[in-house]
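# below is the structure, and that's it, no one-letter string:
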């Protein structure tokens, strides 16, 4: 399968997963109508990709030059709206969709960065930005602390998935199976983190096990 086809398929799959996740998350967090559901579904689904393309100078972003992105995002939002009663109460469904979108976008972000000539480090970072960008915008609009700032091992799996893809690229091992394998690694790590409540290290201060050490004024 050609690299551009692999990128498109994974990108659209991530868009659909994040659209469902964004809509379901919004419906649980706030009272919104169908316009709000579609808006937050779309922002979650395409926000990271827009950030990626703007940083790469690939303008207009793929979202606005290819109708399939908006169609897939809208489809995910509508499915969540009409099936919300069946899905919204199932937290595991939302977490699975979030993990799927995270892993797919981490890979597509790194892959597109490599195609545009960025170095390995920059490609890994851009993969993570693509993965967490849409969810971060969604959480800001919902007035929540973004998952990337507090959720256990959220950005770390995205960085690892992107790193595996970049390493394979540097070793001249490319193609669909490599991209799918890197996404699967990110997905598995994220699910393990959720299952066993694994967290990235956080700052602590004496006498407060879980309270970040925030310096006072002056």
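Good, I have the coordinates. Nothing here was measured: the structure is a model prediction, and the numbers come from that model.
# gap between the helix or strand encompassing residue 188 and the chain center?
Using DSSP states H and E, residue 188 sits in helix 176-196. Computed by CA atoms, centre = their mean, to the nearest Å, the chain-centroid distance of helix 176-196 equals 12 Å.
# quick one, longest helix in the protein?
Assignment by DSSP state H gives helix 3-29 as the longest helix of the chain.
# how many other residues sit next to the residue nearest to residue 178 when sequence neighbours are not counted?
Excluding the flanking residues, the one nearest residue 178 by CB to CB, 6 or more residues apart in numbering is residue 168, at 4.7 Å. The C-beta positions use only the backbone N, C-alpha and C, and glycine is treated the same way. Using other CB atoms under 10 Å, residue 168 has 17 neighbouring residues.
# still on that earlier bit, the longest helix of the chain to helix 176-196, inter-axis angle?
Relative orientation of helix 3-29 and helix 176-196, computed by axes from the mean of the first three to the mean of the last three CA atoms, to 10 degrees: 20 degrees.
# which other helices and strands contact helix 3-29?
helix 34-56, helix 67-82, helix 84-87, helix 91-115, helix 120-141, helix 176-196 (3 or more CB pairs under 8 Å, 6 or more residues apart in numbering; DSSP states H and E).
# follow-up on the earlier one: just the element for the residue nearest to residue 178, please.
Using DSSP H and E, the element containing residue 168 is helix 155-170.
# surely residue 107 meets residue 186?
Yes. With contacts counted by CB atoms under 8 Å, residue 107 reaches residue 186, the gap being 7.3 Å.
# shared neighbours, those two?
Jointly contacting residue 107 and residue 186 under the rule CB atoms under 8 Å, 6 or more residues apart in numbering are 161, 162.
# tell me what the helix holding residue 188 is packed against?
helix 3-29, helix 91-115, helix 155-170.
# for this protein, which spans come out with low pLDDT?
Along the chain, segments meeting pLDDT under 70 span 1, 3, 87-91, 151-152, 205-218.
# if you set the cut-off to 90 instead, what comes out?
Within the chain, the stretches falling below the threshold (pLDDT under 90) are 1-11, 13, 21, 24-32, 58, 62-63, 83-98, 145-153, 174-176, 194-218.
# just to revisit the earlier point, out of the helices and strands packed on helix 3-29, flag the one nearest residue 156.
Taking CB to CB, helix 176-196 is the member of the helices and strands packed on helix 3-29 nearest to residue 156, at 7.3 Å.
# buried set for the closest one?
178-183, 185-187, 189-191, 193-194 (16 or more other CB atoms under 10 Å).
# closest to residue 32 among the residues you listed?
Using CB to CB, those come closest to residue 32 at residue 194, 25.5 Å.
# any idea how far residue 147 is from the closest one?
Note on residue 194: its distance to residue 147, by CB to CB, to the nearest Å, is 11 Å.
# burial of the residue lying closest to residue 42 once chain neighbours are set aside, as a residue count?
Nearest residue to residue 42 in three dimensions, chain neighbours excluded: residue 73, at 4.5 Å (CB to CB, 6+ apart). Per other CB under 10 Å, the neighbour tally for residue 73 reads 28.
# same check on residue 93?
Other residues close to residue 93 by other CB under 10 Å number 15.
# shift numbering so it begins at 384
Sure, I'll start counting at 384 from here, so that last one is residue 476.
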